[in-house]
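*Asks:* quick one, fold the following:
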Amino acid sequence: MKPLFCIIAVTLGSALTIPAFAVDSADYRSARERADAEFRMAEDRCHALRDHDREVCESEAKGHRDRAYADAREREDPHAARARCDALTGHARDECLEHAEDRH
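*Replies:* Presented below is the predicted three-dimensional model:
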């Protein structure tokens with residue numbers, strides 16, 4: 001019974017946590033709206049295609065939209081900008097961190 005209680009407590013605790021940094025500036029919202037508009041236009045172009053070509057087109061459109069979301073968040077949230085640098089090593093990582101600090 002004790003392990004079940006712990007699992008429930010952890011689950012409820014994680015569900016109730018508030019994000020450490022909520023991004024909600026006007027620039028961020030407008031960047032997301034722009035990304036959504038571009039995605040809808042790309043999606044309309046994809047509907048003219050068939051089968052595999054359509055799937056590839058839609059997948060690329062979603063990828064571009066997600067990248068635009070990430071870039072918008074990165075511009076607003078210094079932690080997100082630094083998180084992108086974690087995958088890099090050496091000089092490339094140092095340059096990435098320097099660039100992230102320059103943005104903020």
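*Asks:* what residue lies at the spatial centre of the chain?
*Replies:* Closest to where the C-alpha atoms of the chain average out (CA atoms, centre = their mean) is A70, at 3.6 Å.
*Asks:* buried residues in the longest helix seen in the chain?
*Replies:* As assigned by DSSP state H, the longest helix anywhere in the chain is helix 51-76. By neighbour count on 16 or more other CB atoms under 10 Å, the buried set for helix 51-76 is 57-58, 61, 65, 68-69, 72-76. To be clear about C-beta, it is placed using only N, CA and C from the backbone, and glycine gets the same treatment.
*Asks:* same check, this time on stretch 27-41
*Replies:* Judged by neighbour count (16+ other CB under 10 Å), stretch 27-41 contains these buried residues: 28, 31-32, 35, 39.
*Asks:* from the residues you listed, which is closest to L97?
*Replies:* When the buried residues of stretch 27-41 are compared for distance to L97 (CB to CB), Y28 wins out at 21.9 Å.
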